[in-house]
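A.B. asks: A predicted structure for the sequence below; I have some questions about it.
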Amino acid sequence: MTQKPDFDPDLPEGPVEVRVPIQAIRGRGAATAMPHRFTRDVREVADDGWGPIGESGEGWGDDGEGGASAPSTTVHLETARSAICANDSPDIFFELSVNPYRGCEHGCIYCYARPTHSYLNFSPGLDFETQIVAKQNIAEVLRHELAQPRYVPRLLNIGSATDCYQPVERELKLTRSLIEVMRDARHPFSLITKSSGVERDLDLLAPLAAQQLTAVYVTITTLDPVLARRMEPRAAAPHRRLRTLRTLAEAGIPVGVSVAPQIPFITEDMEQVLEAARDAGAQSAFYTVLRLPWELDAVFREWLEVHYPQRAARVMARVQDLHSIDPTQRSAGKSYDSNFATRMKGSGLWADLLRQRFAGACRRLGLNRARVELDLSQFRPGLARGQGSLF
């Protein structure tokens, strides 16, 4: 009689670790809440065989359509101590900025502001688009700063880091309150957004534009709605942004289009975007290449593996070309150079070709023929203190 062994010889000894596949999360850009650079403990999700786990690998269930259901958005109210942020970067056209929100529910996978969430102990991945911080007193702080005797007006932009018209703005109206402060002080400013929500404030923006006190820029990365939904899942659809451009232009507001960032082998329709924007009323345009500082590199690589695994290596190799990463640094995974001279437009052959395409399209379409000049001379600090308004 042969005794059966009390184990299966065909199975390996010890526990078997099974990795949970990463899948897209409905309505979100990032696929996981990956750790940030200040995280002390790093955890990896694995199936231990004790029961089902959400397909996202982060504990969420299935949405019924083969993907993971979306986590909800949480808004944290913050009392800001300052409003105006100054920069001396030679490659940025404005010197001052105001951002009413930290994080952005639009979920754009390429957003260079994602790594800033690390300072709040949030993940630059999913947390950036689900944990939104709203500076509830930003308008009062801005009014106080503009009224300071030492303040000197300079080019100022609202929404340079995260979108000032993201969904929570409908309820909180922090951006509208900032525009009201700028109006009262007669301080010129520009706005940049992907949202049609800017149309809500036409009653403020149109009179200011008539007096050379404001201009608006709308970002349209691609006209492909499928790509836009994957890349910018909660931003307005491309056709809706074109309609916003037209609405603003018809109201007499100087409008421009940002075709940024340009992502190799992903965004391939720059000329078509510029033409559609021109037809909708855009007078100016600008672009940047994809840049991947800090954790954004890992966030973007993960997105590529989820949505475009066949071309992921090719995309990253071209990104490294654009930033002139040498072979030794490429092998170590580096894909970004923060040099002021090259970080926005890149360098080398591929950057030159992109620059020629953009310049040629702008010449053909008549874009960037005249510079939008905002009038700094109208600034009245006394009005910032609430001593009346000229409107």
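C.D. replies: Cool, the structure landed.

A.B. asks: And the contacts of stretch 267-279?
C.D. replies: The set of residues external to stretch 267-279 that reach it, using CB atoms under 8 Å, 6 or more residues apart in numbering, is 218, 220-224, 227, 242, 245, 257, 259, 261-262, 285, 287, 354, 357-358, 361-362, 365-367. Bear in mind the C-beta positions are built from the backbone N, C-alpha and C, glycine included.

A.B. asks: Not counting its neighbours along the chain, what's nearest residue 88?
C.D. replies: What sits nearest to residue 88 in space, not counting adjacent residues and going by CB to CB, 6 or more residues apart in numbering, is residue 95, at 7.6 Å.

A.B. asks: these two touch, right, the one you found and residue 154?
C.D. replies: Yes: Residue 95 lies in contact with residue 154 (CB atoms under 8 Å); the separation is 4.3 Å.

A.B. asks: Between those two, tell me which one has more neighbours.
C.D. replies: The neighbour count for residue 95 versus residue 154, taken as other CB atoms under 10 Å, is higher for residue 95 (17 against 14).

A.B. asks: who are the neighbours of the strand or helix carrying residue 229, in terms of helices and strands?
C.D. replies: Per DSSP states H and E: residue 229 is located in helix 225-231. With contacts taken as 3 or more CB pairs under 8 Å, 6 or more residues apart in numbering; DSSP states H and E, helix 225-231 sits against helix 238-250.

A.B. asks: And for the helix it packs on, what's in contact with it?
C.D. replies: Taking CB under 8 Å, 6+ apart as the rule, helix 238-250 contacts 194-196, 198-199, 202, 205, 216, 218-220, 222-225, 228, 235-236, 255, 257, 276-277, 280-282.

A.B. asks: which parts of that helix are buried?
C.D. replies: Using 16 or more other CB atoms under 10 Å as the test for burial, helix 238-250 gives 238, 241, 242, 244, 245, 246, 247, 248, 249.

A.B. asks: What's the first helix or strand after it?
C.D. replies: That would be, after helix 238-250 and using DSSP H and E, strand 255-258.

A.B. asks: The next helix or strand after that next one: which residues count as buried?
C.D. replies: Next in sequence after strand 255-258, counting helices and strands by DSSP H and E, comes helix 270-279. Under the neighbour-count criterion of 16+ other CB under 10 Å, helix 270-279 has 270, 271, 273, 274, 275, 276, 277, 278 buried.

A.B. asks: out of these, who's nearest residue 190?
C.D. replies: residue 277 (16.4 Å; CB to CB).

A.B. asks: of all the buried residues of helix 270-279, which two lie farthest apart?
C.D. replies: 270 and 278 (12.6 Å).

A.B. asks: How about the contacts made by the most centrally placed residue in the chain?
C.D. replies: Residue closest to the mean C-alpha point of the chain, counted by CA atoms, centre = their mean, is residue 111 at 3.6 Å. Residue 111 makes contact with 104, 128, 162, 296, according to CB under 8 Å, 6+ apart.

A.B. asks: Could you do residue 78 as well?
C.D. replies: Here residue 78 is in contact with 102, 133, 134, 135, 136 (CB under 8 Å, 6+ apart).

A.B. asks: One more pass at 10 Å, please.
C.D. replies: For residue 78, the contacting residues are 101, 102, 120, 133, 134, 135, 136, 137, 138, by CB atoms under 10 Å, 6 or more residues apart in numbering.

A.B. asks: And the strands in the chain, which stretches?
C.D. replies: Ranges of strands in the chain, per DSSP state E, are 18-19, 46-47, 74-78, 84-86, 96-98, 101-102, 131-135, 156-158, 189-193, 214-219, 255-258, 284-286.

A.B. asks: tell me what the top helix by length along the chain is packed against?
C.D. replies: Secondary structure assigned by DSSP state H gives helix 349-365 as the longest helix of the chain. Applying 3 or more CB pairs under 10 Å, 6 or more residues apart in numbering; DSSP states H and E, one finds that helix 349-365 contacts helix 270-279, strand 284-286, helix 312-322.

A.B. asks: could you redo the last one with a cut-off of 8 Å?
C.D. replies: If you count contacts as 3+ CB pairs under 8 Å, 6+ apart, helix 349-365 packs onto helix 270-279, helix 312-322.

A.B. asks: Redo the ones you listed as JSON lines? Include distance to residue 82 and mean pLDDT.
C.D. replies: Formatted as JSON lines, those follow (distance: least, CB to CB, whole Å; pLDDT from 0 to 100):
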{"stretch": "helix 270-279", "distance to residue 82": "34", "mean pLDDT": "98"}
{"stretch": "helix 312-322", "distance to residue 82": "34", "mean pLDDT": "95"}
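
A.B. asks: Nearest to residue 85, out of those helices?
C.D. replies: It is, among these and with distance given as CB to CB, helix 312-322, at 27.2 Å.

A.B. asks: Extract the C-alpha set from that closest one and format it as PDB.
C.D. replies: This file holds the C-alpha atoms of helix 312-322, laid out as PDB (Å, rounded to 0.1, in the frame of the first residue of the first chain):
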ATOM      1  CA  ALA A 312       5.100  52.800 -23.400                       C
ATOM      2  CA  ALA A 313       8.800  52.200 -23.900                       C
ATOM      3  CA  ARG A 314       8.800  54.200 -27.200                       C
ATOM      4  CA  VAL A 315       7.100  57.100 -25.600                       C
ATOM      5  CA  MET A 316       9.500  57.300 -22.700                       C
ATOM      6  CA  ALA A 317      12.500  57.000 -25.000                       C
ATOM      7  CA  ARG A 318      11.300  60.000 -27.000                       C
ATOM      8  CA  VAL A 319      10.600  62.000 -23.800                       C
ATOM      9  CA  GLN A 320      14.200  61.300 -22.800                       C
ATOM     10  CA  ASP A 321      15.300  62.500 -26.200                       C
ATOM     11  CA  LEU A 322      13.300  65.700 -25.700                       C
END
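
A.B. asks: Fine, thanks again, bye for now.
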